[in-house]
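Asks: The sequence and its predicted three-dimensional model are supplied below.
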Amino acid sequence: MENNKVIIPLSGRIDSSNAAETEAKIFSQLAGKAGVSIEIDAADLVYISSAGLRVILRLKKAYQDLKITGVNSEVYEIFEMTGFTEMMPVEKAYRVVSVEGCEVIGEGANGKVYRIDGDNVVKTYKNADALKDIQHEREVARLALVLGVPTAISYDIVKVGDSYGSVFELLDAKSFSKILAREPERFDWCVKEYIKMLRKIHSITVPEGKLPSIREKTLKAIRRVKDTLPDGLGEKLMNMAEQIPERDRMIHGDYHTKNIVLSGDEVLVIDMDTLSVGDPIFELQRMYNSYVGYSENDPQVVLKFQGFDQETSRRFWHESLAEYLGTRDEQKIKEVENKVRCLSYAYLIDWGTRHDLEDKALIELWRTRLICLLPEVDSLLFEVKDSEKRA
């Protein structure tokens, strides 16, 4: 026993032939140990019947603080089917995967996607306790697929270093970032396919309660920033942002070229953990940050993240916005871009402040840009030309 915890190893098969004997051994080991926590180490357990499950139930009744660890896939399925995973913590034993030397084919706010062999990729998570994140992403990715968004579904969970990863089958997949960097002649194709997919996502009505709203995240950022802006500009921004309505349309939330991949001849969206609902301006806000905002003071930022230079990045943003809006009218494009930038700079100022960004000059640059923009913008609302028909 260590740290008031008793570890009980189980092995082989536990069924009606040996359940009573197993129970007697367990409770003999626990004699005189009231108030301890119990960990059942099931690494060597290959099968458990209903008789064995009843032993665990009686153990759980006597010791509320009980969990089961190291469970193989077959035994875990038994625990899951019988509802044990809802009654107590049951941790699967996950195979270990190394990503050392593997190509990064995608990257988002919460993790990276590595190619581990010719057929498969693994998404690793920055959060060391990522199992809940993985489950969330699997659920929303499944929802997106059902609603018509082509995406990859995780078929396995693995251990990667100190965290976890989701394994997906993506045959010969390469990101749009890689295409733009290595095949510049396909620039126009990338823009059209990128926006075709974005329109498809934004055309989807999501059933109520299935995805979180993205609107409140930006409103929270503006609330934290508004009092740092002069001459009532913060209140003006807050009022305009609050006029953006809640919407039930799907938003990816981290839609950039590292998260759009070409697998064979099929375009897929990956990194679905940021999926939400809301107005398209919140999507465009995050897109602007990816292509322009974060790298506004340092061209190396976008080169390091996306793999292509700042000129390509800014051109891709402009052409994508024009394609999304369905217009070549530069005045109209600029008008919408300025609305987007108002939200983008507020979000960036808040992000830089909360993360104690070392480059304080960059935060002040974003603040200056926002202060100059706000007198020119009276509303953050805009319409997308034939957006649903184009999706």
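Replies: Looks like it came in fine.

Asks: In this protein, where's the longest helix?
Replies: helix 330-354 (DSSP state H).

Asks: buried ones in it?
Replies: Buried residues in helix 330-354, counted by 16 or more other CB atoms under 10 Å: 333, 336-337, 339-353. In short, each C-beta sits where N, CA and C put it, glycine included.

Asks: What is the burial count for residue 150?
Replies: For residue 150, the count of nearby residues is 13 (other CB atoms under 10 Å).

Asks: Make sure it is actually in contact with residue 264.
Replies: No: Residue 150 is beyond contact range of residue 264, at 11.7 Å (criterion: CB atoms under 8 Å).

Asks: Quick one: mean pLDDT over stretch 304-312.
Replies: Taken as a whole, stretch 304-312 has an average pLDDT of 94.

Asks: So which residues make contact with that stretch?
Replies: The contact list for stretch 304-312, computed with CB atoms under 8 Å, 6 or more residues apart in numbering, reads 107, 177-178, 180-181, 184, 187, 256-258, 290-291, 294-295, 299, 302-303, 313, 316.

Asks: could you pull out the strands for the stretch 51-200 of the chain?
Replies: 66-71, 90-92, 103-107, 111-115, 120-125, 156-160, 163-169, 173-175 (DSSP state E, counting those that start in this stretch).

Asks: Which one of those strands lies nearest to residue 231?
Replies: strand 103-107 (38.9 Å; CB to CB).

Asks: any idea which strand is longest in this structure?
Replies: strand 37-48 (DSSP state E).

Asks: Mind giving me the packing neighbours of that strand?
Replies: Applying 3 or more CB pairs under 8 Å, 6 or more residues apart in numbering; DSSP states H and E, one finds that strand 37-48 contacts strand 5-14, helix 50-62, strand 66-71, helix 73-81.

Asks: can you pull the buried residues of that strand?
Replies: 38, 39, 40, 42, 45, 48.

Asks: my guess is the third one meets residue 8, correct?
Replies: It refers to residue 40. Yes: under the criterion of CB under 8 Å, residue 40 makes contact with residue 8 at 5.2 Å.

Asks: domains of this structure?
Replies: Using automatic domain parsing, the domain parsing of the chain gives 5-92, 103-169, 174-390.

Asks: thinking again about what came up before, CA atoms only: put the longest strand of the chain into CSV for me.
Replies: This file holds the C-alpha atoms of strand 37-48, laid out as CSV (Å, rounded to 0.1, in the frame of the first residue of the first chain):
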residue,chain,number,x,y,z
SER,A,37,-8.6,3.9,-2.3
ILE,A,38,-8.6,0.8,-4.5
GLU,A,39,-6.9,0.5,-7.9
ILE,A,40,-7.6,-2.7,-9.8
ASP,A,41,-4.7,-3.4,-12.1
ALA,A,42,-6.3,-5.3,-15.0
ALA,A,43,-3.3,-5.3,-17.3
ASP,A,44,-3.2,-9.1,-17.3
LEU,A,45,-6.9,-9.7,-17.2
VAL,A,46,-8.1,-11.4,-20.4
TYR,A,47,-11.8,-12.1,-19.6
ILE,A,48,-14.4,-11.3,-16.9
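
Asks: Which of the domains of the chain has the lowest mean pLDDT?
Replies: Among the domains of the chain, domain 103-169 scores lowest, at a mean of 85.

Asks: At the geometric centre of this structure, which residue sits there?
Replies: A centroid search over the chain (CA atoms, centre = their mean) returns residue 273, at 2.6 Å, as the residue closest to the centre.

Asks: Check whether it sits in a helix, strand or coil.
Replies: Assigned with DSSP: H, G, I helix; E, B strand; the rest coil, residue 273 falls in the helix class.

Asks: Could you do the one 10 residues further on as well?
Replies: At residue 283 the chain is in helix, as set by three-state DSSP.

Asks: ok, now which ones touch it?
Replies: Applying CB under 8 Å, 6+ apart, the residues near residue 283 are 198, 202, 214, 251, 252, 253, 255.

Asks: Repeat the analysis, applying 7 Å as the threshold.
Replies: 251, 252, 255 (CB atoms under 7 Å, 6 or more residues apart in numbering).

Asks: Sort out which one of the residues you listed lies nearest residue 16 for me.
Replies: For the contacts of residue 283, the nearest to residue 16 is residue 252 (51.7 Å; CB to CB).

Asks: can you tell me how far the residue nearest to that closest one when sequence neighbours are not counted sits from residue 262?
Replies: Excluding its sequence neighbours, the residue lying closest to residue 252 (CB to CB, 6 or more residues apart in numbering) is residue 201, at 5.7 Å. Applying CB to CB, to the nearest Å, the value for residue 201 to residue 262 is 17 Å.

Asks: just residue 153 next, same as before
Replies: 18 Å.

Asks: So which of these two has more stuff around it?
Replies: Neighbours were counted for residue 153 and for residue 262 using other CB under 10 Å; residue 262 has more, 20 against 14.

Asks: and the more buried one, what element?
Replies: Assigned by DSSP states H and E, residue 262 falls within strand 260-263.

Asks: can you list the helices and strands packed on strand 37-48 in JSON lines and add distance to residue 136 and mean neighbour count?
Replies: Shown next, in JSON lines, are the helices and strands packed on strand 37-48 (distance: least, CB to CB, whole Å; neighbours: other CB atoms under 10 Å):
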{"stretch": "strand 5-14", "distance to residue 136": "29", "mean neighbour count": "16"}
{"stretch": "helix 50-62", "distance to residue 136": "27", "mean neighbour count": "16"}
{"stretch": "strand 66-71", "distance to residue 136": "21", "mean neighbour count": "20"}
{"stretch": "helix 73-81", "distance to residue 136": "18", "mean neighbour count": "15"}
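
Asks: Make CSV from those and add distance to residue 246 to it.
Replies: Formatted as CSV, the helices and strands packed on strand 37-48 follow (distance: least, CB to CB, whole Å):
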stretch, distance to residue 246
strand 5-14, 47
helix 50-62, 43
strand 66-71, 40
helix 73-81, 36
